[in-house]
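Peer 1: Build me a model:
(2 chains)
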There are 2 protein chains.
Amino acid sequence: MFTFEVVILGGLGGPGENSSQCFMLRPYRSKGIKSICVDGGAGAAQICDTLMLQQKPVSERDQLAFHYYEPDDQQYFLENMIDKQSVAKFGFSSETLDSVSQERNALKKGYKIYQGIGEYYVTHPHLDHISAMVVNSPLVYEPPLVSEKTICGLDFTVNALQEHIFNDTIWPNLTYGKLQKLRVKTLQHSQWAPSSTFPQWEIIPFQVCHGCKVAQDSKVYSTVYLIRDKVSRDVIVICGDLEYDYEGENHKNLLDNVWRYIAKNVPFKHLKSIFIECSSSSMVACENLYGHLSPPFLIHELKSLYKFYGFTNDPFDLHVVIIHVKLTVSDTDPRKTILHELKELVRGEEGLNKVRFSIALDKHRFVL
Amino acid sequence: MFTFEVVILGGLGGPGENSSQCFMLRPYRSKGIKSICVDGGAGAAQICDTLMLQQKPVSERDQLAFHYYEPDDQQYFLENMIDKQSVAKFGFSSETLDSVSQERNALKKGYKIYQGIGEYYVTHPHLDHISAMVVNSPLVYEPPLVSEKTICGLDFTVNALQEHIFNDTIWPNLTYGKLQKLRVKTLQHSQWAPSSTFPQWEIIPFQVCHGCKVAQDSKVYSTVYLIRDKVSRDVIVICGDLEYDYEGENHKNLLDNVWRYIAKNVPFKHLKSIFIECSSSSMVACENLYGHLSPPFLIHELKSLYKFYGFTNDPFDLHVVIIHVKLTVSDTDPRKTILHELKELVRGEEGLNKVRFSIALDKHRFVL
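Peer 2: Numbering: from 1, shown residues only, chains lettered A, B, ... in the order given. As a prediction, the model looks like this:
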């Protein structure tokens, strides 16, 4: 019934520096430490913190979970931020914990789980999506836990990482030389690539738009990844930052290409979940979205997908996991606000009113 | 008696992504939120986390402080990791807390304290020293808390930030245009510069060595900052990552230049503290230090300073705060190991045996 396990190492969209976007994926109930990550905004330290909290009683964990806005407890969050038909629990699976049970402390356990990351699939080279992946990277050479990792992305991502990050100025060039343990791999737009970590998985990247540069008149790009299990044929979709990119009749809508591909190639019953950003609430004006979605634009995209599936009265009970919410200055947690707005928006929408929404809560794992 | 307050927003040297180097400084007992930071490896989120913990009883805070190695409590850490003659307490001062007491939640309080940062003095452009400063930076435009910040550094730092970070590829170029709220300023090696945040302070940078590039045969540089209060004439020294750089008779020892300058220009009684890195324990071989210090090399540098002061039997009771310890895979917290090694090493050293060592504990503030 379940195919994927997704641990939310980082589900936020800034402007704080912690819990930036990183999703750790492994096959459901797989034994051992192996995983792949989509983005690398959080990493080894977040893994250790999660383990530290997971070993405490739930009552203490409530105190330990940081909720900057209201003093809600974890139970509230789980009941209200996760769709009731979906399964999300705190921390790592028992299989993952078993595989590090012989390590003596949280740091050793956490670093071992980190070493199990075989590939990073980076959506775009903005710092909040790569910082932990980079800062953690010397660990691949740290005995006794040496490991090998491949950083994958479309050309604009891989080129930026090599030119601006692993360049011996911003970070030591740990990708240098043919025998290095840290490698980079350029993926091709809309072409399936095999996972070297999980032979039963394949991944396809789609280039999408993510706003404009400040000092130059050109677009910023990002990536949507589809991950398919070749055995179950289930697919999950994980999006990088992206925007509503309709700009007139002659504009090539990159995001529509993604929805069209999914509708054509993924039977709806195999579409387990879409992780998609909704950085800001509906209150934020279009010109202040800076290449991101707010609830009305997200709903517009879901409508496009519904349309491409050719549905009319079919139950469109898609599970949509909201990622990359920005923690703005407000009284109410913007994750609550955005979730509320989304539910209000689909209420009146024929077809979309069965869509199920969850928030990607840090340090929680979804099974899908 | 005290001149400086230093909040340790990040005191670690990786490889985890949290609590990377950032020191927040303000004049002792100054009212309001104004501060300057040396490095920006931690920031707004760490400030919020610190506030969340500070409002809890000490007994609960122990549970909340993450110690990945042994289950020590905060009391142990304070008693053993901070020199007994020195003053270090958890969290922000009552003056800082008072200045944000009207804000309704930890996020609003924390972001307000973040907005008080007027200048960053960056030691070098390695990602663990800049990541939070960059990721937090859109907050300078976030109403109602807009602020202005200047990022200062030697030319190699400022050039790298502009070419590789604020370049519309790794991060939006928020420094673009003359009316921007985020500005950069190039400092001159060994020349005092006024602080625009605190008129009574001036800062002088010294270029030092920090290892070699991986893919090119050239040096990596870093910076040591002296911060002087013009009223009390007290000085504190905060070092970026650095190495023992003696490489033969003809080599220009940049670090010796710093010690020589200090001995000549800062009366010892005004030298309140030196924050200096000791990334690895003595067990790490020279070739694996990668541009960092271990205890024997740190002691060598303290001897140089002692020598330049021309001391013979004078009590050299300098307060040395150890920063940038790497959290390696081990049973014992490497901060404990390094502190123990340093104390053992000075025990037998005439002159140096009065040196007082502390560890820069995250989320604690020193008054100096």
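
Peer 1: how about the residues of the stretch 201-350 of chain A near chain B?
Peer 2: A:213, A:214, A:215, A:216, A:220, A:290, A:327, A:328, A:329, A:330, A:331 (CB under 8 Å from any CB of the partner chain). Using the backbone N, CA and C atoms, a C-beta is placed for each residue, glycine as well.

Peer 1: For these, which two are the farthest from each other?
Peer 2: The distance between the two most remote of these (CB to CB) is 37.6 Å, for A:216 and A:331.

Peer 1: number of nearby residues for residue A:103?
Peer 2: 17 (other CB atoms under 10 Å in any protein chain shown).

Peer 1: Ignore what I typed, I meant residue A:264.
Peer 2: Count around residue A:264 with other CB under 10 Å applied: 10.

Peer 1: can you confirm it is in a strand?
Peer 2: No - Residue A:264 is assigned helix when assessed by DSSP: H, G, I helix; E, B strand; the rest coil, not a strand.

Peer 1: Just give me the neighbour total for the residue nearest to it when sequence neighbours are not counted.
Peer 2: Computed as CB to CB, 6 or more residues apart in numbering or on different chains, the closest residue to residue A:264 that is not its neighbour in sequence is residue A:308, at 7.5 Å. Using other CB under 10 Å, residue A:308 is surrounded by 16 other residues.

Peer 1: How about the contacts made by residue A:308?
Peer 2: A:256, A:259, A:260, A:262, A:263, A:264 (CB atoms under 8 Å, 6 or more residues apart in numbering or on different chains).

Peer 1: And for the fifth one, the neighbour number?
Peer 2: Translated: residue A:263. Using other CB under 10 Å, residue A:263 has 19 neighbouring residues.

Peer 1: Was I right to think it contacts residue A:304?
Peer 2: No - contact criterion CB atoms under 8 Å: residue A:263 and residue A:304 do not qualify, at 9.2 Å.

Peer 1: low-confidence ranges in chain A?
Peer 2: Across chain A, residues meeting the criterion (pLDDT under 70) sit at A:60, A:62-66, A:71-75, A:178-179, A:246-251.

Peer 1: Helices of that one, residue ranges please.
Peer 2: Ranges of helices in chain A, per DSSP state H, are A:44-54, A:58-64, A:74-81, A:94-99, A:106-115, A:131-136, A:155-160, A:254-265, A:295-308, A:334-347.

Peer 1: about what we covered before: please list only the buried members of the residues of the stretch 201-350 of chain A next to chain B.
Peer 2: Buried residues within those, counting neighbours by 16 or more other CB atoms under 10 Å in any protein chain shown: A:213, A:214, A:220, A:290, A:327, A:328, A:329, A:330.

Peer 1: Output these as CSV; include the columns distance to residue A:158.
Peer 2: Shown next, in CSV, are these (distance: CB to CB, whole Å):
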residue, distance to residue A:158
A:213, 19
A:214, 23
A:220, 16
A:290, 24
A:327, 30
A:328, 32
A:329, 36
A:330, 37
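
Peer 1: Out of those, name the ones that lie in strands.
Peer 2: residue A:220 (DSSP state E).

Peer 1: wait, which of the buried ones among the residues of the stretch 201-350 of chain A next to chain B is closest to residue A:22?
Peer 2: Nearest member of those to residue A:22, counting by CB to CB, is residue A:327, at 16.3 Å.

Peer 1: Which residues are in contact with the closest one?
Peer 2: Applying CB under 8 Å, 6+ apart, we find residue A:327 in contact with A:12, A:13, A:14, A:15, A:16, A:68, A:333, A:334, B:107.

Peer 1: So which of those residues is the closest to residue A:284?
Peer 2: residue A:334 (9.8 Å).

Peer 1: Contacts only, for residue A:129.
Peer 2: Neighbouring residues of residue A:129 by CB under 8 Å, 6+ apart: A:20, A:21, A:22, A:39, A:40, A:41, A:122, A:123, A:240, A:241.

Peer 1: Once you drop chain neighbours, what's closest to it?
Peer 2: residue A:39 (4.4 Å).

Peer 1: Please determine how far that neighbour is located from chain B.
Peer 2: Noted for residue A:39: a distance of 13 Å to chain B, by CB to the nearest CB, to the nearest Å.

Peer 1: what does residue A:286 give?
Peer 2: Taking CB to the nearest CB, one finds residue A:286 at 16 Å from chain B.

Peer 1: residues near that residue, how many?
Peer 2: 10.

Peer 1: can you count the residues close to residue A:59?
Peer 2: 9.

Peer 1: how close does it get to residue B:54?
Peer 2: 21 Å (CB to CB, to the nearest Å).

Peer 1: Ok, residue A:68 next?
Peer 2: Residue A:68 is 13 Å from residue B:54, where distance means CB to CB.
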